[in-house]
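**Student:** what's the 3D shape of this:
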Amino acid sequence: MHHSIEVEQLNFSYPDGHQALNDVSLMIQPGEKVALVGPNGAGKSTLLLHLNGILSGTGTVRVCGLEVNKETVGRVRAMVGMVFQSPDDQLFSPRVFDDVAYGPIYQGLPPDVIHERVEQSLAAVAMSDYAQRVSHHLSMGEKKRIAIATVLSMEPEVLILDEPTGGLDPGARRSFINLLHELPLTMLVSSHDMNFVEELFPRMVILDKGRLVADGLTSQLMLDGDLLAAHGLERS
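**Tutor:** I've put the predicted structure just below:
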């Protein structure tokens, strides 16, 4: 069986010379839910963007056994559902239905399959009644659910989320945590919300200054106050 995510000795520098990733290696098994934590500028978003080929450094990145490169990037993006920090970055259609249908349409699926995918994806995020709504009129919590539906409609094997609880009120946050808990997908989720991390993710990876500095059971790493403090993290 392939790892869902396999990163080997990944290095990446931005055009200004800043090295954002330094020899990062990481393996995630199918079905694992893993939190990626670290201070601002640690390289978390940079790492996530390598997992569907938006960025490309030196080293090796494989998703579901498929190496990410120019030839495979289309197939990789069908397997990796990426939900950005701001849902407005991926909701751009007149109706919720159109946003959720965009991926299956791009995949060239027939209309009946597209409709079925949209219905299933909206049901999975408890938004079945929102198909004809205008995305930009929704609350932040509703938009985040629709953003997840837009990637679920492509039936990905891996779900990548960047700061998913940011901007949510307590009720929406609780609802969102319950949703992620129920989704039966491999997940790698970047977050500053340590309570969210502790509640949902059995495994935690700490990234700081582009280096992977810790990888282990969340329950154990959370007990190491010195480790958390050294990397700008604290339990609230």
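
**Student:** and Q132, that's in a helix?
**Tutor:** No: with DSSP: H, G, I helix; E, B strand; the rest coil as the criterion, Q132 is coil rather than part of a helix.

**Student:** go ahead and confirm it touches V100.
**Tutor:** No: the criterion here is Cβ atoms under 8 Å, and Q132 misses it with V100 at 11.6 Å. Just so you know, the C-beta spots here come from the backbone N, C-alpha and C atoms, and that holds for glycine as well.

**Student:** looking at the two, which is more packed in?
**Tutor:** The residue with more neighbours, out of Q132 and V100 and counting by other Cβ atoms under 10 Å, is V100; that gives 32 against 10.

**Student:** please name the residues that touch that one.
**Tutor:** R117, V118, S121, L122, A131, I146, A149, T150, S153 (Cβ atoms under 8 Å, 6 or more residues apart in numbering).

**Student:** thought the last one was touching E116?
**Tutor:** What that stands for is S153. No: counting by Cβ under 8 Å, S153 sits too far from E116 to count as a contact (9.7 Å).

**Student:** between the two, which one's more packed in?
**Tutor:** With neighbours defined as other Cβ under 10 Å, S153 and E116 compare such that S153 has more, 27 against 14.

**Student:** how close does that one sit to L109?
**Tutor:** 10 Å (Cβ to Cβ, to the nearest Å).

**Student:** M82 too?
**Tutor:** Distance, M82 to L109, using Cβ to Cβ: 20 Å.

**Student:** common neighbours of S153 and L109, please.
**Tutor:** Taking Cβ under 8 Å, 6+ apart as the contact rule, S153 and L109 both touch R117.

**Student:** who is R203 paired with across the strands?
**Tutor:** V34, L217 (DSSP bridges).

**Student:** double-check it against V34; I have them as touching.
**Tutor:** Yes: R203 is in contact with V34 according to Cβ under 8 Å; the separation is 4.7 Å.
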